[in-house]
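> turn this into a model:
(chains A, B, C and D)
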There are 2 protein chains.
Amino acid sequence: MEELDVFDLRLLAAIQAKGDMTQAELSEIVHLSPTQCARRLQRLRADGFVRDIVAILDPERLGINIIAHTLVGLRNHDDETGKAFRAFVDAADEVVECWSQTGDADYLLKIMVKDLGELASLIERLITAVGGFASLRSFVALKAIKRTTTVPIRA
Amino acid sequence: MEELDVFDLRLLAAIQAKGDMTQAELSEIVHLSPTQCARRLQRLRADGFVRDIVAILDPERLGINIIAHTLVGLRNHDDETGKAFRAFVDAADEVVECWSQTGDADYLLKIMVKDLGELASLIERLITAVGGFASLRSFVALKAIKRTTTVPIRA
DNA sequence: GGCGCCACGCAAGAAACATGCGCGAGCGGC
DNA sequence: GCCGCTCGCGCATGTTTCTTGCGTGGCGCC
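Residues are numbered from 1 along each chain as shown, chains lettered A, B, ... in the order given. The predicted model follows:
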């Protein structure tokens, strides 16, 4: 709950880069005994610094060839439209991240799909799903789709 | 190297959600013996399906209050400009992700900072760093900064 | 200067992991 | 149709890793 000292920061940095190290390995990095590494890590988790530990899968290896960032603007900003949109996002496995944002668009989606066909189909479904309540602002909002080539991610 | 069966997919999905489960826990999810879970996981890693295992830290807990997505357009697309930009991105800890993309902008950055002051300072540094070789297309390119409120991330 | 608190490292018990083995299903050859 | 091969499975054991209790030392406070 208190401040983090240099050991805590080193620990966090270490597990952020590689989350499956043994206490012995960690101890060499942070220069602390294995026991103490474990105890501090336990405390850091209890205090909520570590949200969770996950495996990062290789998209290409799984046939994911397109990673797109899509800006979405809703025409209506009523509850119904928002809920319909959120529900769609939650249900769609292809949508990996969903950020609410200010500016000329309402949401920024990060989408991972196998090919352009899947991307098109997803957009199609999005339009009909949300359009059931209120249509998207316009196709211009969807024109903002950017196909992206993946660049080494910095963490 | 071959195809993935239902057990492999379940395993990947499981560790993607929670990467620090014991073999016993995994075995209950995928309905396979602990030993076999370990063996398949080992194979999946050897075959490159699992890129790595990392800890996701809580941004708020670390004083990160702003997560911004910024579109950047470069005026010149020569090697020098690109390299300067890449170098800046690699050196800046605040830039968490960097995506090269097609469309009206060249790059999409995901930035995590403590406050608006840090964000402004980062942009300032970006301009001067890249501007040393070629100026950004215009301030319009930077006008595209969106302050975002974090929404539960779907994975 | 004495006392109490807290973080540290060590060591033993507990848990989880890795590996060798035998079994049985599926498949190809005879 | 039958035999034998191969491969994936689960069990059992040895080894590593993790957890927890304990004694020690530094540091601040009274």
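> for chain A, identify the residue most remote from the centre.
A:Ser33 (33.9 Å; Cα atoms, centre = their mean).
> please tell me how far that one sits from chain B.
Counting by Cβ to the nearest Cβ, to the nearest Å, the gap from A:Ser33 to chain B is 21 Å. In short, each C-beta sits where N, CA and C put it, glycine included.
> surely that residue and A:Leu26 touch.
No: in this structure A:Ser33 lies outside contact range of A:Leu26 using Cβ atoms under 8 Å: 10.1 Å.
> on the three-state scheme, A:Thr35 is what?
Following DSSP: H, G, I helix; E, B strand; the rest coil, we place A:Thr35 in the helix state.
> now it: how far from chain B?
Where chain B is concerned, A:Thr35 sits at a distance of 19 Å (Cβ to the nearest Cβ).
> which secondary structure element of chain A has the lowest mean pLDDT?
Lowest by mean pLDDT, DSSP states H and E among the helices and strands of chain A is helix A:139-143, with a mean of 42.
> and stretch A:49-67, what's buried?
A:49-50, A:53-57, A:59, A:64, A:66-67 (16 or more other Cβ atoms under 10 Å in any protein chain shown).
> ok, the residues you listed vs B:Gln42, which is closest?
A:Ala55 (13.2 Å; Cβ to Cβ).
> distance check, that closest one against B:Ile56.
Counting by Cβ to Cβ, to the nearest Å, the gap from A:Ala55 to B:Ile56 is 11 Å.
> repeat for A:Thr128
In terms of Cβ to Cβ, A:Thr128 sits 33 Å off from B:Ile56.
> dead centre of chain A: give me the residue that sits there.
Centre-nearest of chain A using Cα atoms, centre = their mean is A:Glu97, 4.2 Å out.
> helix or strand for that residue, just tell me which one.
Using DSSP states H and E, A:Glu97 sits in strand A:95-101.
> state the mean pLDDT of whichever helix or strand comes after that strand.
Going down the chain from strand A:95-101, the next helix or strand is strand A:107-113, by DSSP H and E. The average pLDDT for strand A:107-113 rounds to 85.
> just checking, what packs against the next helix or strand after strand A:107-113?
Following strand A:107-113 in sequence order, the next helix or strand is helix A:116-131 (DSSP H and E). Applying 3 or more Cβ pairs under 8 Å, 6 or more residues apart in numbering or on different chains; DSSP states H and E, one finds that helix A:116-131 contacts strand A:66-72, helix A:79-91, strand A:107-113.
> sheet-wise, list the partners of the first one with their directions.
The strands beside strand A:66-72 in its sheet (DSSP bridges) come out as strand A:107-113 (antiparallel), strand A:146-149 (antiparallel).
> angle of the longest one against strand B:95-101?
Between the axes of strand A:107-113 and strand B:95-101, defined by axes from the mean of the first three to the mean of the last three Cα atoms, to 10 degrees, the angle is 70 degrees.
> send over strand A:107-113 as CSV, restricted to the C-alpha atoms.
Once non-C-alpha atoms are left out, strand A:107-113 reads as follows in CSV (Å, rounded to 0.1, in the frame of the first residue of the first chain):
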residue,chain,number,x,y,z
TYR,A,107,-14.7,4.3,-29.7
LEU,A,108,-11.4,2.8,-30.9
LEU,A,109,-11.5,-0.9,-31.5
LYS,A,110,-8.5,-3.2,-32.0
ILE,A,111,-9.5,-6.1,-34.2
MET,A,112,-7.7,-9.3,-35.0
VAL,A,113,-8.9,-11.4,-37.9
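> domain parsing for chain A?
Chain A resolves into domains spanning A:6-46, A:60-148 when parsed by automatic domain parsing.
> now these as a markdown table including distance to DNA strand D?
Listed next are these as a markdown table, based on distance: least, Cβ to the nearest atom of the strand, whole Å:
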| stretch | distance to DNA strand D |
| --- | --- |
| domain A:6-46 | 4 |
| domain A:60-148 | 18 |
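> worst mean pLDDT among the ones you listed?
domain A:60-148 - the lowest mean pLDDT of the domains of chain A, at a mean of 75.
> hang on, the earlier thing: would you point out the most distant pair within the buried residues of stretch A:49-67?
A:Phe49 and A:Ile66 (33.9 Å).
> A:Glu3 sits in which helix or strand?
Applying DSSP H and E, one finds A:Glu3 in no helix or strand.
> grab the nearest non-local neighbour of A:Val72.
Of all residues not flanking A:Val72 in the chain, A:Tyr107 sits nearest, at 4.5 Å (Cβ to Cβ, 6 or more residues apart in numbering or on different chains).
> next: A:Leu108.
A:Trp99 (4.5 Å).
> measure the one you found to B:Ala55 for me?
21 Å.
> and A:Ser33, by the same measure?
From A:Ser33 to B:Ala55 the distance is 21 Å (Cβ to Cβ).
> swap in A:Arg75?
In terms of Cβ to Cβ, A:Arg75 sits 40 Å off from B:Ala55.
> understood, closing this out.
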